[in-house]
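**Student:** Okay, here's the prediction I keep looking at, along with the sequence it came from:
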Amino acid sequence: MRIMINWINRERPTRQFPLSDFDRLSNELKPCDVLLVEGRTRVSDIIRWLTNSPWTHAALYIGRLHDVEDEELRATIAALYSGDADDRLIVESLLGHG
């Protein structure tokens with residue numbers, strides 16, 4: 001089963017030029033915004049074909065660590081994320097990973 005999940009989750013190479021400017025976009029985002037994602041995996045191709053939509057899944061923008069107002073949630077994120085506190089964070093679920 002793990003082999004199948006790895007095969008279906010394998011990503012295609014990224015485009016040479018991104019379709020959007022993340023730095024510009026991130027200046028417009030607010031915590032709790034929902035981002036529509038155009039996936040690059042085989043399962044994304046199947047979803048795109050079934051739904052006739054370029055958007056294959058969604059992610060939730062939670063902002064920077066200091067943007068999270070709930071202290072308990074902020075502590076949980078800090079315990080699970082070892083990156084820079086100023087990094088912009090999203091939550092998304094990946095098939096086979098949760």
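**Tutor:** Great, that's in hand. Residues are numbered from 1 along each chain as shown.
**Student:** what's the nearest residue to Val34 if we skip its chain neighbours?
**Tutor:** Nearest non-adjacent residue to Val34, counting by C-beta to C-beta, 6 or more residues apart in numbering: Ala58, 5.3 Å away. Every C-beta, even on glycine, is put in place using the N, C-alpha and C of the backbone.
**Student:** Isn't that neighbour up against Glu92?
**Tutor:** Yes - shown here, Ala58 and Glu92 form a contact pair, counting by C-beta atoms under 8 Å, at 7.4 Å.
**Student:** and for those two, which residues touch both?
**Tutor:** Taking C-beta atoms under 8 Å, 6 or more residues apart in numbering as the criterion, Ala58 and Glu92 both touch Val37.
**Student:** just checking, next helix/strand downstream of the lowest-mean-pLDDT helix or strand in the chain?
**Tutor:** When the helices and strands of the chain are scored by mean pLDDT, DSSP states H and E, helix 2-9 comes last with a mean of 76. Scanning forward in sequence from helix 2-9 by DSSP states H and E, the next helix or strand is helix 22-28.
**Student:** quick one: buried residues of the one helix or strand the residue nearest to Val34 maps to?
**Tutor:** Counting by DSSP H and E, the element that carries Ala58 is strand 57-63. By 16 or more other C-beta atoms under 10 Å, the buried positions in strand 57-63 come out as 57, 61-63.
**Student:** Could you do stretch 68-84 as well?
**Tutor:** Of the residues in stretch 68-84, 68, 74, 77 count as buried by neighbour count, 16+ other C-beta under 10 Å.
**Student:** ok, so of those residues, who is nearest Asp87?
**Tutor:** Ile77 (10.8 Å; C-beta to C-beta).
**Student:** Can you classify that closest one by secondary structure?
**Tutor:** Judged by DSSP: H, G, I helix; E, B strand; the rest coil, the three-state class of Ile77 is helix.
**Student:** pLDDT score for it?
**Tutor:** On the pLDDT scale, Ile77 is placed at 95.
**Student:** Quick check, it in contact with Ile90.
**Tutor:** No - with contact defined as C-beta under 8 Å, Ile77 does not count as touching Ile90 (11.6 Å).
**Student:** In the chain, where is pLDDT below threshold?
**Tutor:** Along the chain, segments meeting pLDDT under 70 span 15, 17-19, 95-98.
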